[in-house]
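Q: 3D model of this:
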Amino acid sequence: MKWAIAAGVVVVVLAVGVPFVYIHFIEGPAPAPLTLKPNSPTPSPSGATGTADSSLAGTWTTAAGSVVGYRVNEVLVGQNNVAVGRSSSVKGHLTISGSAVTAATFTVPMATIRSDESQRDAQFDGRIMDVASYPTGTFTLTHPIALGSMPAVGTVKTYSATGNLTLHGHTRPVTFTLSAERTSSGIKVSGSIPIKFADWDIPNPSFGSFVTTQDHGVLEFLLNFTKP
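A: Residues are numbered from 1 along each chain as shown. Got it, this is the predicted structure:
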């Protein structure tokens, strides 16, 4: 009986301890969310900003440093964890006319999104997102974004964006908050879009009793824009 109890205790310790050690000491903390950090604004030569700026007008395209990915809370054999996958292969553009963003479209090849776990990536590519059948994710702006007074370089401002998000072969309207920073050489934009898996007919990422997840996650992005 003592041996049976001892064996049971060992099993429990291993079941809890191994995932704990893996998550906290081997895998390490999840990457920080893709956000902009406010900087001290740099005054414009005139010392003020107006409602329009001809230097911002035109079409801007994504540049090096642009990242798109997912963030999902999961429970790995009783231990809380954050699953994060990212891709730097996002391509797109936005158009500024006057003091508004009038058009924007972004696309990412789904097979380029990778986490720190090959098994998680295999599930993502296969039964979850089926990247062979639905190879791209796309966002298209459907309503202009009023920018108001143009910020000084280094200032981070928030805006509301509305558009169509296509994932897993389904297109749904989304509205979310984004942050934008005007830099000395371009524009940076970050934000996150809540994703309820069922809305896009995405299977729940849970894998048996080994890994369980919530019924939603977050699509996050940090985009760098330059003029071609």
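Q: average model confidence for stretch 72-80?
A: In this model, stretch 72-80 has a mean pLDDT of 82.
Q: do stretch 194-207 as well
A: Per-residue pLDDT over stretch 194-207 has a mean of 93.
Q: for that stretch, the distance to its chain's centre please.
A: Distance of stretch 194-207 from the chain centroid (CA atoms, centre = their mean, to the nearest Å) equals 15 Å.
Q: how is the chain carved up into domains?
A: The record's domain split for the chain, according to automatic domain parsing, is 1-30, 32-226.
Q: out of those, deepest packed?
A: domain 32-226 (a mean of 16; mean count of other CB atoms under 10 Å). In short, each C-beta sits where N, CA and C put it, glycine included.
Q: before we move on, back to that, least reliable of the domains of the chain going by mean pLDDT?
A: Among the domains of the chain, domain 1-30 scores lowest, at a mean of 48.
Q: Give me the helices and strands touching the helix or strand encompassing Gly163, please.
A: Element membership for Gly163, per DSSP states H and E: strand 156-167. Where contact means 3 or more CB pairs under 8 Å, 6 or more residues apart in numbering; DSSP states H and E, strand 156-167 is packed against strand 136-141, strand 145-146, strand 170-182, strand 187-196.
Q: Pairing partners for the shortest one, with directions?
A: As defined by DSSP bridges, the strand partners of strand 145-146 come to strand 100-109 (antiparallel).
Q: Indicate each strand paired with the strand holding Gly163 and its parallel or antiparallel sense.
A: When DSSP bridges is applied, strand 156-167 pairs with strand 136-141 (antiparallel), strand 170-182 (antiparallel).
Q: now the angle from the last one to strand 187-196?
A: So the one you mean is strand 170-182. 150 degrees (axes from the mean of the first three to the mean of the last three CA atoms, to 10 degrees).
Q: picking that back up, dump the helices and strands packed on strand 156-167 into TSV; add distance to Val82 as well.
A: Shown next, in TSV, are the helices and strands packed on strand 156-167 (distance: least, CB to CB, whole Å):
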stretch	distance to Val82
strand 136-141	20
strand 145-146	30
strand 170-182	20
strand 187-196	13
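Q: now the helices: where do they sit in the protein?
A: 2-21, 118-123 (DSSP state H).
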